[in-house]
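Trainee: Here is my input, please return the structure:
(chains A and B)
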Amino acid sequence: AQSVSQHNHHVILSEAASLELGCNYSYGGTVNLFWYVQYPGQHLQLLLKYFSGDPLVKGIKGFEAEFIKSKFSFNLRKPSVQWSDTAEYFCAVNARAAGNKLTFGGGTRVLVKP
Amino acid sequence: DVKVTQSSRYLVKRTGEKVFLECVQDMDHENMFWYRQDPGLGLRLIYFSYDVKMKEKGDIPEGYSVSREKKERFSLILESASTNQTSMYLCASSIGGGLGGELFFGEGSRLTVL
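Mentor: All right, here's what the predicted structure looks like:
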């Protein structure tokens, strides 16, 4: 089945460490790509998105993601995390091949130790 | 700011009860969605609607129905709740012109079915 995969379910790291969260999808053709974040006790919110153009996109709070079409990947990165980045991160893909419905990955829980 | 309001943050129901989850958005968005969020499974789409009185099945519609009588309101109905419907339910909305745009989420309704 076509899907969105996030490689890590849990990530634990210290403040100032670099973060990279993997996301792969299996849809061909045109895709729109998103990363959403859910901070503890809060609603999901958009971190960044890619529709077209420069494959390196910058989002809020110092996050960026790179779309690599040949690898069907959209990995999220942050060079130096803070304790406040503790959250659950979701990759999501909207693909014409999937009927234009947004499909989410399983999520990655990130814990940043102070 | 876009606001998506879900009527109940926490509900406890018994098996076989009928459950209504209400969602209201204040930004005149055409599209509205119901997801359920379960650990390790991410968000799975139950139903969505792209216009008043229109509804489309998502990936896991079994055991659920929806109603959209007004543009701003989208209700999720569990006709006969079962324990496997214990979950966090998220409502979202997005602007029209296709289903691939940014979603704005409510804070969620945590349903426990005993």
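
Trainee: Let me know the next secondary structure element after the helix or strand bottoming out on mean pLDDT in chain A.
Mentor: Lowest by mean pLDDT, DSSP states H and E among the helices and strands of chain A is strand A:102-104, with a mean of 87. Downstream of strand A:102-104, the next assigned helix or strand under DSSP states H and E is strand A:108-113.

Trainee: What is that following strand packed up against?
Mentor: strand A:10-14, strand A:19-21, strand A:87-95 (3 or more CB pairs under 8 Å, 6 or more residues apart in numbering or on different chains; DSSP states H and E). Placement of C-beta: from N, CA and C, glycine included.

Trainee: Now render these as a markdown table, adding mean neighbour count, mean pLDDT and distance to A:Lys49.
Mentor: Listed next are the helices and strands packed on strand A:108-113 as a markdown table, based on neighbours: other CB atoms under 10 Å in any protein chain shown; pLDDT from 0 to 100; distance: least, CB to CB, whole Å:
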| stretch | mean neighbour count | mean pLDDT | distance to A:Lys49 |
| --- | --- | --- | --- |
| strand A:10-14 | 12 | 96 | 22 |
| strand A:19-21 | 18 | 97 | 15 |
| strand A:87-95 | 23 | 92 | 9 |
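
Trainee: possible to save those as a markdown table with distance to A:Asn32?
Mentor: Shown next, in a markdown table, are these (distance: least, CB to CB, whole Å):
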| stretch | distance to A:Asn32 |
| --- | --- |
| strand A:10-14 | 25 |
| strand A:19-21 | 18 |
| strand A:87-95 | 4 |
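
Trainee: mind checking which of the ones you listed is nearest chain B?
Mentor: Closest to chain B of those is strand A:87-95 (CB to the nearest CB; 3.8 Å).

Trainee: for the closest one, the distance to its chain's centre please.
Mentor: 5 Å (CA atoms, centre = their mean, to the nearest Å).

Trainee: Which strands border it, and is each parallel or antiparallel?
Mentor: Strand A:87-95 pairs in its sheet with strand A:31-38 (antiparallel), strand A:102-104 (antiparallel), strand A:108-113 (antiparallel), by DSSP bridges.
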